[in-house]
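In: Sequence and predicted structure below; questions after.
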Amino acid sequence: MKVGVVGANGYSGIELIRLLLNHPQIKLEMLISHSTKGEQLQNIYSHLSGIVEKTLEDFDADELAARTEVVFFATPAGISKDLLPECLKRGLICIDLSGDFRLKDPQEYADWYHKDPADAALLNDAVYGLSEINRRQIQGANFISNPGCYPTATLLGLAPVLKNKIIDLSSIIVDGKSGISGSGKKAIIGNLFSEVNENVKAYKLGQHQHTPEIEQTIEEISGEKHAITFTTNLIPMTRGLMCTIYATLEQGFSTRELLDHYEKFYENSPFVRIRPLGTWPSTKEVLGSNFCDIGLNVDGRTRRLTIVSVIDNVVKGAAGQAVQNLNIIKEWDEQTGLAFTPIYP
Ligand SMILES: NC(=O)C1=CN([C@@H]2O[C@H](COP(=O)(O)OP(=O)(O)OC[C@H]3O[C@@H](n4cnc5c(N)ncnc54)[C@H](OP(=O)(O)O)[C@@H]3O)[C@@H](O)[C@H]2O)C=CC1
Ligand SMILES: CC(=O)N[C@@H](CCC(=O)OP(=O)(O)O)C(=O)O
């Protein structure tokens with residue numbers, strides 16, 4: 001199956017290329033860039049020398065429709081809302097990695113992304129691609145809105161306890177930490193080595209665009225609307241994202257009981273690994289892989305549940321989950337092209 005990648009020159013785009021090169025059903029056909037069209041990709045990314053001998057092309061929906069069946073959009077917020085409908089109209093399967101189609105309420109997008117929203121009708125057509133939770137809706141779909149990196153780690157960590165009054169849904173606090181690649185390839189002073197090295201900094205408190213995305217899915221799963229407290233922190237590493245999630249238990253469960261519940265919940269989800277009692281995951285243990293690793297602890301003194309959820313932000317948080325979603329759409333084995341062992345140490 002021939003595919004195109006729009007935004008091939010960015011971090012998620014280049015990761016998509018790495019994953020798709022290893023996918024037995026896929027041929028990379030069109031690599032699209034805005035600012036570097038006409039250049040050879042391997043001249044920009046030397047690690048691809050002799051591996052990808054393709055020239056970056058301009059976006060052209062007719063050309064994509066003639067040469068490909070699937071298009072991934074790895075573009076910044078505000079781009080795919082205009083380009084993607086042109087591909088959908090031409091019968092292409094579209095998978096968007098940006099936030100343009102995640103929020104069902106266009107006003108919420110305008111409020112949190114400070115950009116014009118996509119067409120409201122299209123927002124309803126987009127299937128939210130949280131693979132493990134929405135598998136049934138993803139199968140056979142032609143339009144996927146891939147989740148954000150923080151929502152992926154948070155929602156996979158929370159999903160098993162969102163129903164049956166296990167936790168008080170109004171008590172959820174999420175403390176997220178991300179490596180710098182999460183903010184993409186563009187030059188930003190706050191991302192300079194001298195700003196980030198030996199430093200941890202909180203950012204976008206009360207303003208992070210992933211807040212309504214997490215709340216929307218909590219509501220979809222639980223049937224209840226609640227606000228969460230969400231803090232994001234930039235940490236001095238390239239890849240990796242950890243969300244530490246706190247919630248008050250409604251019932252007196254032990255850590256052991258909840259671990260058994262999580263194991264059962266994810267028994268058919270090869271990319272979610274539950275840590276044994278008394279151990280918690282670290283970002284290095286998922287580096288370069290599509291795994292989401294989850295550890296739990298119940299503090300009997302405070303009756304609070306702590307969930308630790310880690311992913312590689314560019315794999316499970318972006319490109320990996322996008323490929324996983326294509327596998328689900330096409331009903332290929334979910335692990336096709338994604339069975340990478342994490343890179344350790
Ligand atoms: N990095 C991450 O960990 C995650 C990223 N995402 C989302 O994925 C998307 C891409 O992020 P990321 O890769 O980090 O960002 P980057 O800034 O690294 O890359 C974005 C790319 O989009 C390209 N682009 C911009 N405008 C256009 C256009 N009009 N037509 C074609 N290409 C265009 C740019 O290419 P050019 O240089 O040619 O202009 C750029 O290389 C974003 O929406 C992001 O929020 C989601 C989850 C995690
Ligand atoms: C470290 C860092 O800056 N991370 C980015 C992740 C952005 C992202 O993935 O944007 P979407 O809204 O398109 O998902 C952030 O926190 O904004």
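Out: Done, it's in. Ligands and ions are numbered 1, 2, ... in the order given.
In: can we go C-alpha only for contacts and neighbour counts from here?
Out: OK.
In: On the three-state scheme, the residue located most distally from the centre of the chain is what?
Out: Largest separation from the mean C-alpha position in the chain: Arg301, at 34.2 Å (C-alpha atoms, centre = their mean). Using DSSP: H, G, I helix; E, B strand; the rest coil, the structure places Arg301 in coil.
In: where's it relative to Gly13, distance?
Out: 46 Å (C-alpha to C-alpha, to the nearest Å).
In: what's the answer for Glu219, then?
Out: 31 Å.
In: Pick out whichever of these two has more residues nearby.
Out: Shown here are Glu219 and Gly13; by other C-alpha atoms under 10 Å, Gly13 has more neighbours (25 against 15).
In: For the more buried one, give its distance to Val315.
Out: The gap separating Gly13 from Val315 is 11 Å, by C-alpha to C-alpha.
In: Next, the contact list for Val272, please.
Out: 266, 291-294 (C-alpha atoms under 8 Å, 6 or more residues apart in numbering).
In: Number of residues surrounding the closest residue to it other than its chain neighbours?
Out: Once flanking residues are discounted, Val272 sits nearest to Cys292: 4.9 Å by C-alpha to C-alpha, 6 or more residues apart in numbering. Cys292 has 27 neighbouring residues, counting by other C-alpha under 10 Å.
In: Contact partners for Cys292?
Out: Contacts of Cys292 (C-alpha under 8 Å, 6+ apart): 153, 156, 271-273, 286, 309-312, 316.
In: cool, and Leu162?
Out: 169, 218, 221-222.
In: What subset of those residues is buried?
Out: 169, 218, 222 (16 or more other C-alpha atoms under 10 Å).
In: State the distance from the last one to Asp168.
Out: If you measure Ser222 against Asp168 using C-alpha to C-alpha, the figure is 11 Å.
In: And the nearest residue to Ser181 once chain neighbours are set aside, which helix or strand is it part of?
Out: Residue nearest to Ser181 in three dimensions, not counting chain neighbours: Thr238, with 5.4 Å by C-alpha to C-alpha, 6+ apart. Assigned by DSSP states H and E, Thr238 falls within no helix or strand.
In: okay but Thr238 is in contact with Gly179, surely?
Out: Yes. Thr238 lies in contact with Gly179 (C-alpha atoms under 8 Å); the separation is 4.9 Å.
In: Between those two, which has more neighbouring residues?
Out: Using other C-alpha under 10 Å as the criterion, Thr238 and Gly179 rank with Gly179 on top: 21 against 13.
In: Stretch 113-127 vs ligand 2: in contact?
Out: No. Residues of stretch 113-127 contacting ligand 2 under C-alpha under 6 Å from any ligand atom: none, with a closest distance of 7.8 Å.
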